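Participant: Need a 3D model of the following:
(one chain, ligands or ions: 3)
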Amino acid sequence: MKILSAEQIREADQYTIENEPIASIDLMERAVHEWVMEYVQSPYFDYHKPVVILCGPGNNGGDGLGIARSLKNFHKVAVYLLPSEKYSEDNLINQHRAREKGIEIIPIQKPEDIRVTSDTIIVDALYGSGLSRPLEGLAADVVRFINHLSNKKISVDIPSGMFADDNDHNNIETIVAADLTITFQFPKLSFLMMPTGPLAGELRIADIKLHHEFLRSVQTNHYLLEKKEVAKVYQPRNTWIHKGQAGRALLVGGIGHTSGAAILSATAALRAGVGLLYVACGSRATQALPFARPEAISFDLNEVNINDLISAVEPDAIAIGPGLGTSSAAAELLDQMLEFEIPTVLDADALNLIAQHHWQKRLGKQHLITPHPGEAARLFGNSKQMEFHRTLRAFVQSSGCTVVYKGKYSRIYTPEGNVYFNPTGNAGMATAGSGDVLTGILLALIAGGYSLEKAAKLGVYLHGLSGDIALKSRGSEEAVLASDLCEKLGNAFEELKKDVE
Ligand SMILES: NC(=O)C1=CN([C@@H]2O[C@H](COP(=O)(O)OP(=O)(O)OC[C@H]3O[C@@H](n4cnc5c(N)ncnc54)[C@H](OP(=O)(O)O)[C@@H]3O)[C@@H](O)[C@H]2O)[C@@H](O)CC1
Ligand SMILES: Nc1ncnc2c1ncn2[C@@H]1O[C@H](COP(=O)(O)OP(=O)(O)O)[C@@H](O)[C@H]1O
Ligand SMILES: [K+]
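Facilitator: Ligands and ions are numbered 1, 2, ... in the order given. As a prediction, the model looks like this:
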């Protein structure tokens, strides 16, 4: 699914109006209808509760006025309107239509004019994608006022005060903190990033059927991964395959106290279908592995030379990092391994070592790195979200490596400059070892023949899906373990395969 900028969204609206063709006010009616359809299907809909709709001067406010007319059929509705010298044309039409339906429109002079009871649902239609500067004055006061209320808040298109794209210079306190955002046609970039993402709350997308020609041809570098697209990446296993063809993988890590990290990665790699798995690890992990994961073949890093091991094993792919530590021996090992041409996943301490030794420039097209925000900050600096995003995207384009920036909506950056956001996964995955599991999955997929980009898309999606399945079976986020992700990986493949054509 394409993610468009605010400018492109305006163009999409305009193109639809001119080429469908449809009058602007009728497109707004369609948006209102689709928004209400999403709302009544959401868990927030309860016709016993009164609704207060806050409207601004533009078309977002116009939507709010239309929504008021529609919700009047179910709820007790009150409409409040910000004062303005220039309401948009469609806003004025909808003010008129609302009054015709007997709806009183109450002008807001001060935030306290807005009257709610404890069960009132607040619909936020103050500002949408036409926001041109951070909110101030009365609008900002209204936002702060409602943010202090414990009432459920549902935003129309965008939480008011939030820019669709770049909020680096915005004031977070003047953005509505919504429980649910029902957005039109496209997810907005700011919903998928910190610190704005949490303010959008739960997301639902209302399909307002903008012109398919425009949607097909519009150029973007930002996408939200969808199951059916990821399913196209998946290559079903050939029934005549033998283990030598299912990928030979080498995992390096698991030294001392963090032996478990290598065991988790190894388990994940095996569950993700690798044919042969070699693990080069510390003495403790070498001893534990035959019991924990008898399918893996282990080597003690104290006893083998990495170059000899590579010659003997001839891996199709390598992963280094989980539980590696940052000792000088680990640094020396990584130093040698960064010279290899073999596709390599770099995670955890491998990334910390790269940052420590300023080896970022040694990353190239054979590398897939998987930093979480802490590791990423060590590697690429600690700038604000959009600036960081631009820095990382530029680094990936110039170095040729592929990056998975982990978190909610993990992002895949490709050397072509594309960025894919992953929708699967949940807060239960914020637990020790879940990143190690991802490393193992990626290792297996790359060893099995997927390109780095395809492995990243498929691997990150399946990893999150395993987390979602684990959450269902465990019952609550708190109880999900990284090992559960390995256990449910088969079910995640099964779920994805339902969409393979
Ligand atoms: N047919 C369509 O196009 C469809 C559009 N749709 C809906 O329209 C929404 C976009 O509408 P929009 O472009 O009118 O922008 P909106 O966010 O309502 O506000 C603009 C007004 O606010 C003002 N303003 C801006 N920043 C400000 C600030 N900081 N403080 C104070 N004022 C500020 C700005 O004034 P100006 O910047 O010119 O000074 C202008 O007057 C979109 O999110 C969706 O909900 C759907 O119905 C689908 C069909
Ligand atoms: N709230 C969340 N929602 C979705 N995915 C999450 C969330 N928290 C963590 N994850 C996922 O879990 C993994 C955590 O990785 P990482 O921080 O490296 O863990 P560890 O170092 O303990 O192995 C990442 O893939 C991340 O995307
Ligand atoms: K809004």
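
Participant: Within range of ligand 1, give me the residues from this structure.
Facilitator: 13, 24, 27-28, 31, 56-61, 63, 86, 88, 127-135, 139, 156-158, 184, 208 (Cβ under 6 Å from any ligand atom). In this view, the C-beta of every residue, glycine as well, is placed from N, C-alpha and C.

Participant: Run through the residues that contact the residue nearest to Asp179 when sequence neighbours are not counted.
Facilitator: Nearest residue to Asp179, sequence neighbours excluded (Cβ to Cβ, 6 or more residues apart in numbering): Gly201, at 4.4 Å. By Cβ atoms under 8 Å, 6 or more residues apart in numbering, Gly201 lies in contact with Lys153, Ser155, Pro159, Ala177, Ala178, Asp179, Leu180, Thr181.

Participant: Isn't Glu477 up against Asn426?
Facilitator: Yes: judged on Cβ atoms under 8 Å, Glu477 makes contact with Asn426 at a distance of 6.2 Å.

Participant: list residues touching both of these two?
Facilitator: Joint contacts of Glu477 and Asn426 (Cβ under 8 Å, 6+ apart) are Leu471.

Participant: how close does Gly325 get to Ile369?
Facilitator: 18 Å (Cβ to Cβ, to the nearest Å).

Participant: I should have written Ile3 there, sorry.
Facilitator: 23 Å.

Participant: So between these two, which is more surrounded?
Facilitator: Neighbours were counted for Ile3 and for Ile369 using other Cβ atoms under 10 Å; Ile369 has more, 25 against 21.

Participant: can you tell me which residues contact the more buried one?
Facilitator: With contact taken as Cβ under 8 Å, 6+ apart, Ile369 is in contact with Val345, Leu346, Asp347, Leu351, Ile354, Leu363, Leu379, Cys401, Thr402, Val403, Val404.

Participant: who wins for neighbours among the residues you listed?
Facilitator: Greatest neighbour count in the contacts of Ile369, by other Cβ under 10 Å, goes to Val345: 33 neighbours.

Participant: Can you tell me the element that residue falls in?
Facilitator: In this assignment (DSSP states H and E), Val345 forms part of strand 344-346.

Participant: Just say helix, strand or coil for the residue positioned nearest the centre of the chain.
Facilitator: What sits nearest the mean C-alpha location of the chain, by Cα atoms, centre = their mean, is Tyr409, with 1.5 Å. With DSSP: H, G, I helix; E, B strand; the rest coil as the basis, the three-state label of Tyr409 is coil.

Participant: So which residues of the stretch 251-400 of the chain form helices?
Facilitator: Under the criterion DSSP state H, counting those that start in this stretch, helices of the stretch 251-400 of the chain are mapped to 259-271, 283-292, 306-313, 328-337, 348-356, 373-380, 385-399.

Participant: again with the stretch 51-200 of the chain
Facilitator: 59-71, 89-100, 137-147, 197-200.

Participant: so where does the closest residue to ligand 2 within the chain fall, helix or strand?
Facilitator: The chain approaches ligand 2 most closely through Gly435 (2.1 Å), counting by Cβ to the nearest ligand atom. In this assignment (DSSP H and E), Gly435 forms part of helix 434-447.

Participant: For this structure, list the residues in contact with ligand 2, please.
Facilitator: 348, 372, 406-408, 410, 425-427, 429-430, 432-436, 438, 463-464.

Participant: Please list all residues in contact with the residue nearest to Val40 when sequence neighbours are not counted.
Facilitator: Nearest-residue entry for Val40: Phe74, 7.6 Å, with adjacent residues in sequence omitted and distances by Cβ to Cβ, 6+ apart. Neighbouring residues of Phe74 by Cβ under 8 Å, 6+ apart: Val40, Phe45, Tyr47.

Participant: Now the second one: closest residue in space, sequence neighbours ignored.
Facilitator: The spatial neighbour of Phe45 that comes closest, neighbours along the chain excluded (Cβ to Cβ, 6+ apart), is Tyr39 at 5.8 Å.

Participant: Tell me which helix or strand the one you found sits in.
Facilitator: Using DSSP H and E, the element containing Tyr39 is helix 24-41.

Participant: how far is that helix from where the chain is centred?
Facilitator: 26 Å (Cα atoms, centre = their mean, to the nearest Å).

Participant: Kindly calculate the angle that it makes with helix 89-100.
Facilitator: Put simply, helix 24-41 runs at 60 degrees to helix 89-100, going by axes from the mean of the first three to the mean of the last three Cα atoms, to 10 degrees.

Participant: Tell me the buried residues in helix 24-41?
Facilitator: 24-25, 27-32, 34-36, 38-39 (16 or more other Cβ atoms under 10 Å).

Participant: Could you do stretch 270-285 as well?
Facilitator: Buried residues in stretch 270-285, defined by neighbour count with 16+ other Cβ under 10 Å: 270-282, 284-285.

Participant: I'd like the mean pLDDT over that stretch, please.
Facilitator: Averaging pLDDT along stretch 270-285 gives 97.

Participant: Just the closest residue of this protein to ligand 3, please.
Facilitator: For the chain, the residue closest to ligand 3 is Ser160, as judged by Cβ to the ion, at 4.1 Å.

Participant: And for the nearest residue to that residue once chain neighbours are set aside, the neighbour number?
Facilitator: Sequence neighbours aside, Leu126 is the residue nearest to Ser160 in space, at 3.7 Å (criterion: Cβ to Cβ, 6+ apart). Counted with other Cβ under 10 Å, residues neighbouring Leu126 total 30.

Participant: thinking Leu126 is in contact with Ile158, fair?
Facilitator: No: the criterion here is Cβ under 8 Å, and Leu126 misses it with Ile158 at 9.9 Å.

Participant: Show me the common contact partners of the two, please.
Facilitator: By Cβ under 8 Å, 6+ apart, the residues touching both Leu126 and Ile158 are Asn60.

Participant: just to revisit the earlier point, right, so the helices of the stretch 51-200 of the chain: which one is the most enclosed?
Facilitator: Most buried of these by mean neighbour count (mean count of other Cβ atoms under 10 Å) is helix 59-71; its value is a mean of 26.

Participant: how distant is that helix from the center of its chain?
Facilitator: Between the centre of helix 59-71 and the centre of its chain there are 29 Å (Cα atoms, centre = their mean).

Participant: quick one, it and helix 24-41 angle?
Facilitator: 60 degrees.

Participant: Show me the contact partners of helix 59-71.
Facilitator: Counting by Cβ under 8 Å, 6+ apart, 28-29, 31-33, 35-36, 51, 53-56, 77, 79, 81-82, 87-88, 90-91, 93-95, 97-98, 101, 103, 105, 123, 125-130, 156-158, 160 sit against helix 59-71.

Participant: that older thread, quick check: the residue nearest to the centre of the chain touching Asn422?
Facilitator: Yes: Tyr409 sits in contact with Asn422 when judged by Cβ under 8 Å, with a separation of 6.2 Å.

Participant: how deep is Ala231 tucked in, by neighbour count?
Facilitator: Using other Cβ under 10 Å, Ala231 has 17 neighbouring residues.

Participant: Actually, Glu7.
Facilitator: Count around Glu7 with other Cβ under 10 Å applied: 11.

Participant: how about it, phi and psi?
Facilitator: Dihedral angles phi and psi of Glu7 (degrees, to the nearest 10) take the values phi -60, psi -40.

Participant: pLDDT wise, what is it at?
Facilitator: 96.

Participant: distance of the residue of the stretch 151-300 of the chain found nearest ligand 1 from Leu189?
Facilitator: Closest residue of the stretch 151-300 of the chain to ligand 1, Cβ to the nearest ligand atom: Asp157 (3.7 Å). According to Cβ to Cβ, Asp157 stands 14 Å off from Leu189.
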